[in-house]
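Enquirer: Structure for the following, please:
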Amino acid sequence: MLEDYIKNIKEEMIQKLQELIQIPSVYTKSKNPLMPFGENANKALEYMLDLGKKLGFRTKNIDGYCGYIEFGEGEEMLGIIGHLDVVPSGDNWTYPPFLATIFDNKIYGRGAIDDKGPVIASLYAMKYVLDNCNVNKRVRLILGLNEENDWKCIDYYKAHEESPTIGFSPDADFPCIYAEKAILTPYFSMDCSNYNDEPIYIQKIDCDNNAINVVPKICSTILKINSNILMEDLIKVLKKIIDNYGFEIDIYKLNDEEIKLTSHGVGAHAAHPDLGINAISRLIVVLDALFKTYNSSIELFDFFTKYIGTEYDGKSLGINYKDESGNLTLNVGKISLENNILEIGLNLRIPIHTSIEKIENTFLTCLSDYKDITYKKLDSKSALYIPKSNYLVKTLCDIYNEESNSYLEPIAIGGATYARAFNNCISFGANLPGQKDMCHQTDEFISIDNLLFACKVYAKAICELGK
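Expert: Predicted structure coming up:
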């Protein structure tokens, strides 16, 4: 019966996912209190709530912060927690990121796998259960709109609505996730107004609106000569520094006093910085070397080059933490220069048995020799850990293994999902084992086979957990 259902709703699921991807639901600042995360995020929420109503579910828009789609009765609630916002698309896509092109049995588009495809699969799994199974719980698909930033949507939900009794988030990998690393997002800043009289100074920095949880693939700066330095000599020095490091950084002479540098990298999810090349960190290392060549030094760049550099595993900080959840990883996701304040933002994924405070103390120790640098913690999230022997972990893992004819064990990840926002909740799919993780990547896609398989597995999970 379930196999027939999947075949019958295949084209509808594909169409609805395409329509959802075509809404560019990237976070934007908004003055409208009913659209706190921007007009397009609100459009994505209204689209899903309208679709839920048409499929026969109860729906609720929770003041524009989030919403839910629900069926069933009972005191207990099975929660399925996903998100509709997406990271910025960037450039160099083979197909336009918000067109939802189908090619080679794949649906391409920003949000296809993170998290719009899995959300659609979850909704149609709920529809199957609604029409064909008896459950003793309410089943609620919770839809967030600010997951890629600071989770204000889910915080608002928890302050105004009931939390699930048990649940899963379709925002990671199969077979299921039993542990998620802790996350720390620290910022380092300093006042650079005194540096404007130096031989060379930074006039502008642009990182293409990169999200903190994305390895940046491009970053540019405009430098101004403030002395009798010849532009030709400056370019020669720059070329030598760049060639010594082997970085891909373009040099553009704008005029006799201004020069532009554009650093190129490879984008990736901040949970897997080793899969990318960080354009920001490479640019900072080159700038630090350039300024020191001309007897000038910016404290923040000196600190960065000494303790962070182009590494992604924390070794430059003198730390090499590792446990069953993997290594500590570090991503340089932000750099800005506004009102003479230079600021760098990092995103760290910390192994589950290492405390966030231990990492913060390491930063503060490294900063002890720098009087002008200010440290602040923008955000942090505690690790998620549920033993592999737990009923929820075992049940979801068994369901996946049965449907895939495999014998895989639950896994730990560096990513952060809504699962850690609730008790008795873990992540479950929809990336398949051995499949390249396209989350936050250029040319993000979900295969149609993956979409259908996820729907089938989620339907069985809802039936089982809803008993």
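Enquirer: Contacts for stretch 20-28 next, please.
Expert: 37-41, 43-44, 47-48, 84-89, 97-100, 107, 109-112, 116, 119-120, 145-146, 148-149 (CB atoms under 8 Å, 6 or more residues apart in numbering). To be clear about C-beta, it is placed using only N, CA and C from the backbone, and glycine gets the same treatment.
Enquirer: One more pass at 7 Å, please.
Expert: When contacts are defined by CB atoms under 7 Å, 6 or more residues apart in numbering, stretch 20-28 is touched by residues 37-38, 40-41, 43-44, 47, 84-86, 88, 98-100, 109, 111-112, 116, 120, 146, 148-149.
Enquirer: Let me see the ranges of the strands in the stretch 251-400 of the chain.
Expert: 258-264, 268-269, 322-323, 326-327, 329-338, 341-350, 374-381, 384-385 (DSSP state E, counting those that start in this stretch).
Enquirer: tell me the contacts of residue 294?
Expert: Under the criterion of CB under 7 Å, 6+ apart, the neighbours of residue 294 are 199-200.
Enquirer: can you tell me which helix or strand the closest residue in space to residue 348 that isn't next to it in sequence belongs to?
Expert: Excluding its sequence neighbours, the residue lying closest to residue 348 (CB to CB, 6 or more residues apart in numbering) is residue 184, at 4.5 Å. Residue 184 belongs to strand 182-191 when assigned by DSSP states H and E.
Enquirer: Which other helices and strands does whatever helix or strand comes next after that strand contact?
Expert: Once the chain leaves strand 182-191, the next helix or strand it forms, by DSSP H and E, is strand 200-206. For strand 200-206, the packing partners by 3 or more CB pairs under 7 Å, 6 or more residues apart in numbering; DSSP states H and E come out as strand 218-225, strand 329-338.
Enquirer: returning to that earlier point: are any of the contacts of stretch 20-28 buried, and which?
Expert: In terms of neighbour count (16 or more other CB atoms under 10 Å), the buried residues within the contacts of stretch 20-28 are 37-38, 40-41, 43-44, 47, 84-86, 88, 98, 100, 109, 111-112, 116, 120, 146, 148-149.
Enquirer: Restricted to helices, list the residues you listed.
Expert: Counting by DSSP state H, the part of the buried ones among the contacts of stretch 20-28 found in helices is 40-41, 43-44, 47, 120.
Enquirer: distance between stretch 145-156 and the chain's centre?
Expert: Chain-centre distance of stretch 145-156: 12 Å, with CA atoms, centre = their mean, to the nearest Å.
Enquirer: What average pLDDT does that stretch get?
Expert: Across stretch 145-156, pLDDT averages out at 93.
Enquirer: For it, which residues meet the burial criterion?
Expert: 145-149, 151-154, 156.
Enquirer: Then stretch 90-109?
Expert: Applying 16+ other CB under 10 Å to stretch 90-109 flags 90, 93, 95, 97-98, 100-101, 106-109 as buried.
Enquirer: What of stretch 128-144?
Expert: Buried residues in stretch 128-144, counted by 16+ other CB under 10 Å: 128-130, 133, 135, 137-144.
Enquirer: With stretch 43-55 instead?
Expert: Applying a neighbour-count criterion of 16+ other CB under 10 Å, one finds 43-49, 51-52, 55 buried in stretch 43-55.
Enquirer: Give me the outermost residue of the chain relative to its centroid.
Expert: residue 228 (44.9 Å; CA atoms, centre = their mean).
Enquirer: excluding its backbone neighbours, what's nearest the residue nearest the centre of the chain?
Expert: Centroid-nearest residue in the chain: residue 213, 4.5 Å away (criterion: CA atoms, centre = their mean). Excluding its sequence neighbours, the residue lying closest to residue 213 (CB to CB, 6+ apart) is residue 270, at 4.1 Å.
Enquirer: From what I see, that neighbour and residue 214 are in contact.
Expert: Yes - at 6.1 Å, residue 270 counts as touching residue 214 under the criterion of CB atoms under 7 Å.
Enquirer: which neighbours do the two share?
Expert: Residues touching both residue 270 and residue 214 by CB under 7 Å, 6+ apart: residue 333.
Enquirer: So if I had to pick from the two, which one is more boxed in?
Expert: Neighbours per residue, other CB atoms under 10 Å: of residue 270 and residue 214, the larger number sits with residue 270, 28 against 24.
Enquirer: check contacts around the closest residue to residue 189 other than its chain neighbours.
Expert: Closest residue to residue 189 apart from its sequence neighbours, by CB to CB, 6+ apart: residue 343 at 4.1 Å. By CB under 7 Å, 6+ apart, the contact set of residue 343 is 187, 189, 336.
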